[in-house]
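# Predicted model, plus sequence, below.
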Number of protein chains: 2
Amino acid sequence: MPNRSVFFLSDGTGITAETFGHAILAQFAVTPRQVRLPFVDSPAKAHQAVEQINQAAAREGKPPIVFSTVVDQEVLSIIEASCQGLLMDLFGTFVAPLEQAFDLKSNHRVGRFSQTAQTQAYHNRIEAINFALAHDDGQSARDLASAEVILVGVSRSGKTPTTLYLAMQYGIKASNYPLIPEDFARQRLPQDLLPYRHKLFGLTIDPSRLADIRHERRPNSRYASLSNCQYEVSEAEAMMRREGIAWLSSTIKSIEEIATTILQQVLPQHLNY
Amino acid sequence: MPNRSVFFLSDGTGITAETFGHAILAQFAVTPRQVRLPFVDSPAKAHQAVEQINQAAAREGKPPIVFSTVVDQEVLSIIEASCQGLLMDLFGTFVAPLEQAFDLKSNHRVGRFSQTAQTQAYHNRIEAINFALAHDDGQSARDLASAEVILVGVSRSGKTPTTLYLAMQYGIKASNYPLIPEDFARQRLPQDLLPYRHKLFGLTIDPSRLADIRHERRPNSRYASLSNCQYEVSEAEAMMRREGIAWLSSTIKSIEEIATTILQQVLPQHLNY
């Protein structure tokens, strides 16, 4: 049991507080107990949160770390007055200098994710998720025209999670299209993809990792055999090189890194909006 | 064209910088031009970033806002020395007090998402995404036992995006199981679900919104008709009420809010880890 607690405190979902805290904690070789306290949006809940934090302080004999994105002034003043934690106050720290820079008062709007469900951007995200599901693994080639990006690569190289991440995070319509042995025999990109070269991004994967993943699906198949995986991966990489398609390996890159690279290479308008 | 630029500057993906910036900007009634500058991880790229920021400063006649999660000291010192933006430095601000609290030096590790692709937590996220896809819409009832949570609700009430978000963000294995007219006629939960009451969470949706969504799929069908949607939603809500299943409406709540509520109600261990 770790002897230090970290709290992520918010009057909204706490997702920003947790992201903020995780980013800072990644700078330290520590493995504290972590507690997310979402929807702390009333004085009563503020007092409950304080009690929970102060109990940890008493138990551990040192101040817990509290990453806060609380916006509500009444809640925040209760935390500030009574909490024995070390308060890392994201909004308090950065909103004041921005009020000056913008020459505007902040609106103390609680919750980055409240009221979003009715916005156009949110609607686009849900649409894009449905699009990714409908166009998974080349299921529906007829609609590649409306995809903003098309991921290519051998089966099980990590295309689907990446398309879903692009949809969920950015509302980007992403398709994926598998490269299969028939394509390697023909030594050509699939016909369906030819009109869309400018939208293609490739994924590759270490052949032995691929064999492991495929074995889980179809144990002891030729499809999953190491020699077949080595063949498919090397042919796919050769094809992407030949066709000038930018690509990354999902063995060593996370979907966040792959998605960001795709934005840089194929969709720069999503980095500059 | 907005006459104020905001930059999200990072030596990693910039996802944390963007999250941080969006959370702060949501406090102001402003719509600036927004630019994400990821992978700024060398002195050469730092100088390029400075140039881009300073061009905006000159063009707009006021300092751009720069939300930074840069960790690399050399990159950061170039930004600090030459950038004419207003620097909101997440790490610089919060790492120093934490070094004191932990009595530890920070490790200046760049990128919350680099090297994650090889971790167990990352592997769990990818597994959970595959699980959500394999168990979408009750496709595979036999494996409900291994789901951590099962979302119930009428067809197209928002279950799939929520299961995918839980998987992607937290590595939570989530299934979804549609409630269909046969269930309403029987006035009972589907037999498959009975052993798993403690894992159930419900979603509902405004009937006219549901009719719109279903019309996109199957125009002018009985399935999509407003009267049928009203019937299904009212029966589903009555069933969830009768069975004591906690539920939310996806019409007014975002997937982030729904996911957080699911953690609170069904999976509190994921808020306290």
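Good, I have the coordinates.

# Next, see if stretch A:220-238 gets close to chain B.
No. Contact of stretch A:220-238 with chain B (Cβ under 8 Å from any Cβ of the partner chain) is absent, the minimum separation being 15.3 Å. C-beta coordinates here come from the backbone N, C-alpha and C atoms, glycine included.

# Which positions in that stretch come out as buried?
A:223-224, A:228-229, A:232-233, A:235-237 (16 or more other Cβ atoms under 10 Å in any protein chain shown).

# taking the residues you listed one by one, which sit in helices?
Among those, DSSP state H puts A:228-229, A:232-233, A:235-237 in helices.

# Which single one of those residues is nearest to B:V152?
Ranked by distance to B:V152 (Cβ to Cβ), these are led by A:C229 at 38.8 Å.

# Would you map the helices across chain A?
A:15-25, A:43-60, A:73-82, A:90-102, A:120-134, A:159-170, A:181-186, A:207-217, A:226-243, A:255-265.

# Now tell me what touches the third one from outside.
The contact list for helix A:73-82, computed with Cβ atoms under 8 Å, 6 or more residues apart in numbering or on different chains, reads A:9, A:11, A:40-43, A:45-47, A:49-50, A:54, A:66, A:68, A:70, A:87, A:89, A:92, A:108.

# for the first one, same thing?
For helix A:15-25, the external contacting residues (Cβ under 8 Å, 6+ apart) are A:6, A:8-10, A:32, A:34, A:36, A:65, A:67-69, A:88, A:90, A:112-113, B:16, B:19-20, B:23, B:69, B:90-91, B:94-95, B:98, B:112, B:169, B:256, B:260.

# For that helix, buried residues please.
Residues A:15-21, A:23-25 are the ones in helix A:15-25 that count as buried (16+ other Cβ under 10 Å).

# Just send the helices of chain A back as CSV, with distance to B:L164 and mean pLDDT too.
Output for these, formatted as CSV (distance: least, Cβ to Cβ, whole Å; pLDDT from 0 to 100):
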stretch, distance to B:L164, mean pLDDT
helix A:15-25, 15, 93
helix A:43-60, 29, 97
helix A:73-82, 32, 95
helix A:90-102, 27, 92
helix A:120-134, 6, 90
helix A:159-170, 6, 95
helix A:181-186, 29, 94
helix A:207-217, 19, 93
helix A:226-243, 26, 97
helix A:255-265, 12, 95
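
# quick one on the thing from earlier: how about the ones in helices among the buried residues of stretch A:220-238 in CSV, adding distance to B:F201?
Shown next, in CSV, are these (distance: Cβ to Cβ, whole Å):
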residue, distance to B:F201
A:N228, 41
A:C229, 39
A:E232, 40
A:V233, 40
A:E235, 45
A:A236, 40
A:E237, 43
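
# Return the closest of those with respect to A:D192.
Among these, A:A236 lies closest to A:D192 (Cβ to Cβ), at 16.2 Å.

# Quick check: that closest one vs A:Q230, distance?
11 Å (Cβ to Cβ, to the nearest Å).

# Then A:A185?
Going from A:A185 to A:Q230 by Cβ to Cβ gives 16 Å.

# likewise A:L248?
In terms of Cβ to Cβ, A:L248 sits 19 Å off from A:Q230.

# cool, and A:R188?
Distance, A:R188 to A:Q230, by Cβ to Cβ: 21 Å.

# so how many other residues sit close to the nearest residue to A:R209 once chain neighbours are set aside?
Using Cβ to Cβ, 6 or more residues apart in numbering or on different chains and skipping residues adjacent in sequence, the residue nearest A:R209 is A:T251, 5.2 Å away. Residues near A:T251, counting by other Cβ atoms under 10 Å in any protein chain shown, number 17.

# ok, now which ones touch A:M240?
Taking Cβ under 8 Å, 6+ apart, we find A:M240 in contact with A:152, A:202, A:204, A:247.

# From those, pick the one nearest chain B.
A:T204 (13.1 Å; Cβ to the nearest Cβ).

# from what I can see A:V266 touches A:R197, true?
No. Counting by Cβ atoms under 8 Å, A:V266 stays clear of A:R197, with 10.8 Å between them.

# does A:L248 have beta-bridge partners, and which?
A:L248 forms beta bridges with A:L203, as assigned by DSSP bridges.

# Distance of it relative to chain B?
10 Å (Cβ to the nearest Cβ, to the nearest Å).

# what's the answer for A:F131, then?
Using Cβ to the nearest Cβ, we find A:F131 at a distance of 12 Å from chain B.

# And A:I255, by the same measure?
8 Å.

# Pull the number of nearby residues for the nearest residue to A:P190 once chain neighbours are set aside.
Among residues not flanking A:P190 along the chain, A:D183 sits closest, at 5.6 Å (Cβ to Cβ, 6+ apart). When neighbours are defined as other Cβ under 10 Å, A:D183 has 21 of them.

# list the contacts for A:D183?
A:D183 neighbours (Cβ under 8 Å, 6+ apart): A:189-190, A:239.

# Most neighbours of all those, which one?
That'd be A:L189 among the contacts of A:D183, by other Cβ under 10 Å, with 20 neighbours.

# for that one, what are its contacts?
Applying Cβ under 8 Å, 6+ apart to A:L189 gives the contacts A:152, A:183, A:197, A:239, A:243.

# again with A:E148
A:E148 neighbours (Cβ under 8 Å, 6+ apart): A:172-174, A:199, A:266-267.

# and the gap between the residue nearest to A:P190 and A:D192?
With distances taken as Cβ to Cβ, A:D183 is found 11 Å from A:D192.
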